[in-house]
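Colleague: Make a model of this:
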Amino acid sequence: MDQHAPYRIDGIFDAALYRQRTQRSEVFLGLDRAQMQVSQGKIAQATVGIAGLGGVGGGVAMLLARLGVRHLKIADPDAFDISNINRQLGASAATVGQSKARVIAEMIHETTPDVTLDVYPAGLSVANAPDFVADCDLLIDCIDFYTIAERYALHKAFRTNGRCKGCLSSKMVGYGANLYLFTPDGLTLEDFYGIAPDAEIDAALSDRLVRLQAAVLPRFPDLPVIYEWMQENDAAPMMAVAPPLTHYLIGSRAALMLAGLDHPPFCAELPPMPHYLWIDATRMQCEVYQFDGNFANQGEFERHFGDAQPG
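Modeller: From the prediction side, this is the model:
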């Protein structure tokens, strides 16, 4: 048996159990009981694809299963390592070295056995992107932002899908996180990036990608300190408390979109790319910005700390 081949875990549906486990959130899915049940039915019948199961994707997958989505497609090629324990669902001393996709699939199946899971332990690839997207009503893009070719393939398949309501993504920086939406007929990821799919990721390109998708600087430390850390560790720093914020942002908007409530008078519309929502605990801020290749708050560190030295 090919350990990297996609496989399915069939959900076993029990209507009474499903009703009992989803009824508390159903209350907030409509104006009256009839609309609540219709909305929950739409969520139950939806198929959602989550590409990438790291600090963002794993938690979102579990959240959507708890919400009542009964068909999830999940993909990630990586295995857990020790550094993942600070933030990723499924990461523990016992799962280091194990497939993220397989561990999270088993966790979801154990928690919500009525959810059918299509599992891609080799991750999302240029070759399998059309199959992954094929029957999805909504996509969640949690692939690392410097993984260009695979993200392009995901978004191309999304735009030609014909049934996807949108593609949501979120990035965390420091104590904050953003939320942004690609629409089938809106700005494409390829045009947004303007980068060849086989481009070599050097320091200049890495900086550009950060500015395009993680464009609000943390209040501290200073940016050069962050970049120095990234070069030393060949990784991005992630605050352990931030991932739940990304789960909330994606999960809330996904619930509204799947239920058909993502517009007035039910809620404010999320403006599509290149706009994005930013929420930050250090600023007590929630604001809409626009990606333009620059940091939205350049000089944040200097405004607050000047020449003062921490210590």
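
Colleague: And the strands in the protein, which stretches?
Modeller: 7-9, 47-51, 71-75, 116-120, 138-141, 167-169, 172-173, 176-182, 275-280, 285-290 (DSSP state E).

Colleague: which outside residues touch the fourth one?
Modeller: If you take CB atoms under 8 Å, 6 or more residues apart in numbering as the criterion, strand 116-120 is touched by 6-11, 70-76, 101-102, 105, 108-109, 128, 132. In this view, the C-beta of every residue, glycine as well, is placed from N, C-alpha and C.

Colleague: quick one: it to strand 47-51, angle?
Modeller: For strand 116-120 against strand 47-51, the angle by axes from the mean of the first three to the mean of the last three CA atoms, to 10 degrees is 30 degrees.

Colleague: Distance from strand 116-120 to the middle of the chain?
Modeller: 17 Å (CA atoms, centre = their mean, to the nearest Å).

Colleague: Does residue 61 touch residue 71 like I think?
Modeller: No: Residue 61 lies out of contact with residue 71 (CB atoms under 8 Å); the separation is 11.8 Å.

Colleague: residue ranges with poor pLDDT in this protein?
Modeller: Applying pLDDT under 70 to the chain flags the ranges 1, 307-311.

Colleague: returning to that earlier point: can I get the strands of the chain in TSV including mean neighbour count?
Modeller: Below are the strands of the chain laid out as TSV (neighbours: other CB atoms under 10 Å):
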stretch	mean neighbour count
strand 7-9	14
strand 47-51	27
strand 71-75	26
strand 116-120	21
strand 138-141	25
strand 167-169	26
strand 172-173	22
strand 176-182	23
strand 275-280	20
strand 285-290	13
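
Colleague: Tell me which of these lies nearest to residue 225.
Modeller: strand 172-173 (13.8 Å; CB to CB).

Colleague: Quick one: residues in contact with the closest one.
Modeller: With CB under 8 Å, 6+ apart as the criterion, strand 172-173 contacts 55, 56, 214, 216, 217, 218, 238, 239, 242, 243, 245, 246.

Colleague: next one: stretch 253-263
Modeller: Contacts of stretch 253-263 (CB under 8 Å, 6+ apart): 25, 29-30, 39-40, 42-43, 46, 48, 60, 64, 67, 69, 137-138, 140, 165-166, 168, 179, 181, 266-267, 269-270.

Colleague: How about stretch 128-135?
Modeller: Contacts of stretch 128-135 (CB under 8 Å, 6+ apart): 6, 47, 49, 51, 73, 75, 120, 122, 124, 139, 150, 153-154, 156-158, 161, 163-164.

Colleague: likewise stretch 2-11?
Modeller: 70-71, 105, 109, 112-122, 128, 131.

Colleague: and it, which residues are buried?
Modeller: 6, 7, 11 (16 or more other CB atoms under 10 Å).

Colleague: Please report how far the second one lies from residue 73.
Modeller: Using CB to CB, to the nearest Å, residue 7 is found at 11 Å from residue 73.

Colleague: Could you do residue 254 as well?
Modeller: 14 Å.
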